[in-house]
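Would you be able to build a 3D model of this:
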Amino acid sequence: MVVIGQSALPRWTAPDGPWTEPDLHLFPQDGHRYEIVGGGLHVTPPAPGPHDAIVATLVNALRAAAPAGWWVCDRLGIALGDSNLIPDVTVLRPRSSGASWADPGDVALVIEVEAPASRSYDRLLKPALYAEARIGSFWRVEHGPALHTYALGNGGYEPRETVRGADLVKVDAPFPVRVAPGSWV
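Just a heads-up that it's a prediction; the model follows:
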(Lines give C-alpha, C1' and ligand atoms only; values in the text may rest on other atoms or scores of the structure.)
Protein backbone atom coordinates (compact mmCIF):
# COMPACT_ATOMS: atom_id res chain seq x y z
CA MET A 1 0.00 0.00 0.00
CA VAL A 2 1.29 3.48 -0.86
CA VAL A 3 0.62 6.25 1.65
CA ILE A 4 1.08 9.85 0.52
CA GLY A 5 1.64 12.30 3.32
CA GLN A 6 2.32 16.01 3.47
CA SER A 7 5.81 15.53 2.07
CA ALA A 8 4.28 13.98 -1.09
CA LEU A 9 6.94 11.23 -1.07
CA PRO A 10 5.49 7.72 -1.31
CA ARG A 11 5.91 5.57 1.77
CA TRP A 12 5.35 1.82 1.65
CA THR A 13 3.45 -0.02 4.33
CA ALA A 14 3.46 -3.74 4.87
CA PRO A 15 0.29 -5.82 4.65
CA ASP A 16 -1.34 -7.01 7.87
CA GLY A 17 -0.44 -10.63 7.06
CA PRO A 18 2.02 -12.34 4.78
CA TRP A 19 3.06 -10.72 1.52
CA THR A 20 1.30 -12.22 -1.51
CA GLU A 21 1.74 -11.99 -5.27
CA PRO A 22 -0.75 -9.08 -5.72
CA ASP A 23 1.36 -7.01 -3.29
CA LEU A 24 4.26 -7.17 -5.75
CA HIS A 25 2.29 -5.02 -8.20
CA LEU A 26 2.48 -2.09 -5.77
CA PHE A 27 6.20 -1.61 -6.26
CA PRO A 28 7.72 0.66 -8.90
CA GLN A 29 9.66 -0.64 -11.89
CA ASP A 30 12.88 0.80 -10.45
CA GLY A 31 15.38 -1.97 -11.18
CA HIS A 32 15.06 -3.60 -7.76
CA ARG A 33 13.93 -7.21 -7.68
CA TYR A 34 10.95 -7.68 -5.38
CA GLU A 35 10.29 -11.31 -4.43
CA ILE A 36 8.32 -13.13 -1.74
CA VAL A 37 9.92 -15.92 0.28
CA GLY A 38 7.62 -17.76 2.66
CA GLY A 39 5.31 -14.77 2.88
CA GLY A 40 8.16 -12.33 3.60
CA LEU A 41 9.35 -9.64 1.21
CA HIS A 42 12.88 -9.88 -0.19
CA VAL A 43 14.33 -6.94 -2.12
CA THR A 44 17.55 -7.04 -4.14
CA PRO A 45 19.09 -3.81 -5.46
CA PRO A 46 19.66 -3.37 -9.20
CA ALA A 47 22.50 -5.56 -10.46
CA PRO A 48 25.59 -4.00 -12.04
CA GLY A 49 25.81 -3.64 -15.84
CA PRO A 50 27.68 -6.87 -16.67
CA HIS A 51 24.89 -8.85 -15.00
CA ASP A 52 22.31 -7.86 -17.62
CA ALA A 53 24.76 -8.52 -20.46
CA ILE A 54 25.33 -12.07 -19.17
CA VAL A 55 21.57 -12.65 -18.84
CA ALA A 56 21.03 -11.45 -22.44
CA THR A 57 23.83 -13.70 -23.73
CA LEU A 58 22.39 -16.74 -21.95
CA VAL A 59 18.88 -16.03 -23.23
CA ASN A 60 20.16 -15.69 -26.81
CA ALA A 61 22.23 -18.90 -26.62
CA LEU A 62 19.37 -20.91 -25.12
CA ARG A 63 16.79 -19.55 -27.57
CA ALA A 64 19.05 -20.41 -30.51
CA ALA A 65 19.45 -24.00 -29.24
CA ALA A 66 15.89 -24.57 -27.99
CA PRO A 67 13.83 -27.21 -29.79
CA ALA A 68 10.45 -26.16 -31.15
CA GLY A 69 7.92 -25.37 -28.44
CA TRP A 70 10.40 -24.53 -25.66
CA TRP A 71 10.33 -21.02 -24.17
CA VAL A 72 13.32 -19.11 -22.81
CA CYS A 73 12.43 -16.05 -20.73
CA ASP A 74 14.33 -13.54 -18.68
CA ARG A 75 12.90 -12.48 -15.34
CA LEU A 76 9.76 -14.62 -15.56
CA GLY A 77 8.36 -15.21 -12.09
CA ILE A 78 7.65 -18.64 -10.64
CA ALA A 79 4.87 -19.22 -8.08
CA LEU A 80 6.12 -21.61 -5.39
CA GLY A 81 3.33 -21.88 -2.82
CA ASP A 82 3.82 -18.95 -0.43
CA SER A 83 6.86 -17.75 -2.39
CA ASN A 84 7.16 -15.85 -5.67
CA LEU A 85 10.67 -15.93 -7.10
CA ILE A 86 12.07 -14.28 -10.21
CA PRO A 87 15.07 -16.12 -11.68
CA ASP A 88 17.32 -14.31 -14.13
CA VAL A 89 16.48 -16.89 -16.83
CA THR A 90 13.69 -19.48 -16.96
CA VAL A 91 13.30 -22.26 -19.53
CA LEU A 92 9.74 -23.54 -19.91
CA ARG A 93 8.78 -26.91 -21.33
CA PRO A 94 6.57 -27.17 -24.42
CA ARG A 95 2.86 -26.81 -23.70
CA SER A 96 3.44 -24.67 -20.62
CA SER A 97 0.42 -22.89 -19.22
CA GLY A 98 1.53 -19.38 -20.22
CA ALA A 99 0.52 -17.97 -16.82
CA SER A 100 1.97 -14.67 -15.60
CA TRP A 101 3.64 -16.60 -12.79
CA ALA A 102 4.96 -19.92 -14.08
CA ASP A 103 3.97 -23.17 -12.45
CA PRO A 104 7.08 -25.09 -11.27
CA GLY A 105 5.85 -28.13 -13.22
CA ASP A 106 6.29 -26.15 -16.45
CA VAL A 107 9.88 -25.12 -15.61
CA ALA A 108 12.79 -27.24 -16.88
CA LEU A 109 15.66 -24.92 -15.92
CA VAL A 110 16.27 -21.82 -13.81
CA ILE A 111 19.42 -19.72 -13.99
CA GLU A 112 20.70 -17.23 -11.45
CA VAL A 113 23.51 -14.82 -12.34
CA GLU A 114 25.22 -13.75 -9.14
CA ALA A 115 25.67 -10.11 -8.24
CA PRO A 116 27.44 -8.87 -5.09
CA ALA A 117 24.11 -8.16 -3.33
CA SER A 118 22.54 -11.50 -4.31
CA ARG A 119 25.44 -13.96 -3.97
CA SER A 120 24.25 -15.81 -0.84
CA TYR A 121 20.63 -15.66 -1.93
CA ASP A 122 21.51 -17.15 -5.36
CA ARG A 123 23.79 -19.85 -3.89
CA LEU A 124 21.74 -21.00 -0.91
CA LEU A 125 18.11 -19.98 -0.53
CA LYS A 126 16.84 -19.83 -4.11
CA PRO A 127 18.29 -23.20 -5.19
CA ALA A 128 16.78 -24.82 -2.09
CA LEU A 129 13.35 -23.44 -2.98
CA TYR A 130 13.68 -24.44 -6.64
CA ALA A 131 14.71 -27.97 -5.61
CA GLU A 132 11.82 -28.20 -3.16
CA ALA A 133 9.51 -27.30 -6.07
CA ARG A 134 11.12 -30.16 -8.09
CA ILE A 135 12.53 -27.98 -10.89
CA GLY A 136 14.85 -30.39 -12.73
CA SER A 137 17.87 -28.21 -13.53
CA PHE A 138 19.56 -25.20 -11.97
CA TRP A 139 22.47 -23.17 -13.33
CA ARG A 140 24.44 -20.57 -11.41
CA VAL A 141 26.80 -18.06 -13.01
CA GLU A 142 29.43 -16.60 -10.73
CA HIS A 143 31.84 -13.74 -11.24
CA GLY A 144 34.75 -14.77 -13.40
CA PRO A 145 32.55 -15.84 -15.12
CA ALA A 146 31.98 -19.53 -14.49
CA LEU A 147 28.86 -21.57 -15.14
CA HIS A 148 27.94 -24.22 -12.56
CA THR A 149 25.25 -26.72 -13.59
CA TYR A 150 23.17 -28.80 -11.21
CA ALA A 151 20.56 -31.54 -11.61
CA LEU A 152 17.86 -32.44 -9.15
CA GLY A 153 18.76 -35.43 -6.98
CA ASN A 154 17.22 -37.04 -3.92
CA GLY A 155 18.47 -34.43 -1.44
CA GLY A 156 18.34 -31.31 -3.63
CA TYR A 157 20.59 -30.19 -6.46
CA GLU A 158 23.71 -32.19 -7.23
CA PRO A 159 26.63 -30.56 -9.08
CA ARG A 160 27.10 -31.70 -12.68
CA GLU A 161 29.81 -29.56 -14.23
CA THR A 162 31.62 -26.26 -14.05
CA VAL A 163 32.39 -24.48 -17.31
CA ARG A 164 35.00 -21.71 -17.61
CA GLY A 165 36.92 -20.14 -20.46
CA ALA A 166 36.20 -18.80 -23.94
CA ASP A 167 35.97 -22.14 -25.76
CA LEU A 168 32.46 -23.38 -26.53
CA VAL A 169 31.46 -26.30 -24.31
CA LYS A 170 28.33 -28.43 -24.81
CA VAL A 171 25.95 -28.57 -21.85
CA ASP A 172 23.02 -30.99 -22.08
CA ALA A 173 20.27 -29.89 -19.70
CA PRO A 174 17.47 -29.24 -20.49
CA PHE A 175 18.55 -29.57 -24.14
CA PRO A 176 22.01 -29.42 -25.77
CA VAL A 177 23.46 -25.91 -25.91
CA ARG A 178 27.01 -24.62 -26.38
CA VAL A 179 28.27 -22.03 -23.89
CA ALA A 180 31.51 -20.09 -23.43
CA PRO A 181 31.45 -18.21 -20.10
CA GLY A 182 34.78 -16.53 -20.81
CA SER A 183 33.14 -14.61 -23.66
CA TRP A 184 30.32 -13.25 -21.47
CA VAL A 185 32.27 -10.31 -20.01
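
correct me, but I111 touches W139?
Yes. Contact criterion C-beta atoms under 8 Å: I111 and W139 qualify, at 4.4 Å. (C-beta placed from N, C-alpha, C; glycine too.)

need the longest helix for the chain.
Using DSSP state H to assign secondary structure, the helix with the most residues in the chain is helix 49-65.

so where's this structure shaky on pLDDT?
The model of the chain has pLDDT under 70 over residues 1-12.

centroid residue for it?
With distances taken as C-alpha atoms, centre = their mean, the residue of the chain nearest its centroid is P87 (0.9 Å).

returning to what we had before: and the longest helix of the chain, what does it pack onto?
Counting by 3 or more C-beta pairs under 8 Å, 6 or more residues apart in numbering; DSSP states H and E, the packing neighbours recorded for helix 49-65 are strand 71-74, strand 89-92, strand 107-113, strand 177-179.

What I need now is the ones you listed written out in a markdown table, including mean neighbour count and distance to R164 for each item.
Compiled in a markdown table, these are given as follows (neighbours: other C-beta atoms under 10 Å; distance: least, C-beta to C-beta, whole Å):
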| stretch | mean neighbour count | distance to R164 |
| --- | --- | --- |
| strand 71-74 | 18 | 23 |
| strand 89-92 | 26 | 19 |
| strand 107-113 | 24 | 15 |
| strand 177-179 | 19 | 10 |
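
Let me have those in JSON lines, adding distance to P46 as columns.
Conversion of the helices and strands packed on helix 49-65 to JSON lines gives the following (distance: least, C-beta to C-beta, whole Å):
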{"stretch": "strand 71-74", "distance to P46": "15"}
{"stretch": "strand 89-92", "distance to P46": "17"}
{"stretch": "strand 107-113", "distance to P46": "13"}
{"stretch": "strand 177-179", "distance to P46": "25"}
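
now the angle between strand 107-113 and the longest helix of the chain, please.
Put simply, helix 49-65 runs at 150 degrees to strand 107-113, going by axes from the mean of the first three to the mean of the last three C-alpha atoms, to 10 degrees.

What residues sit buried inside helix 49-65?
By neighbour count, with 16 or more other C-beta atoms under 10 Å as the criterion, the buried positions of helix 49-65 are 51-52, 54-55, 57-59, 61-62, 65.

what's near enough to touch the residue nearest to the centre of the chain?
Contact partners of P87, counting by C-beta atoms under 8 Å, 6 or more residues apart in numbering, are 75-76, 78, 110-112, 126, 130.

Nearest to D23 among those?
Minimum distance to D23 across these is 16.6 Å, recorded for I78 (C-beta to C-beta).

Enumerate the beta-bridge partners assigned to the closest one.
L85, A102 (DSSP bridges).
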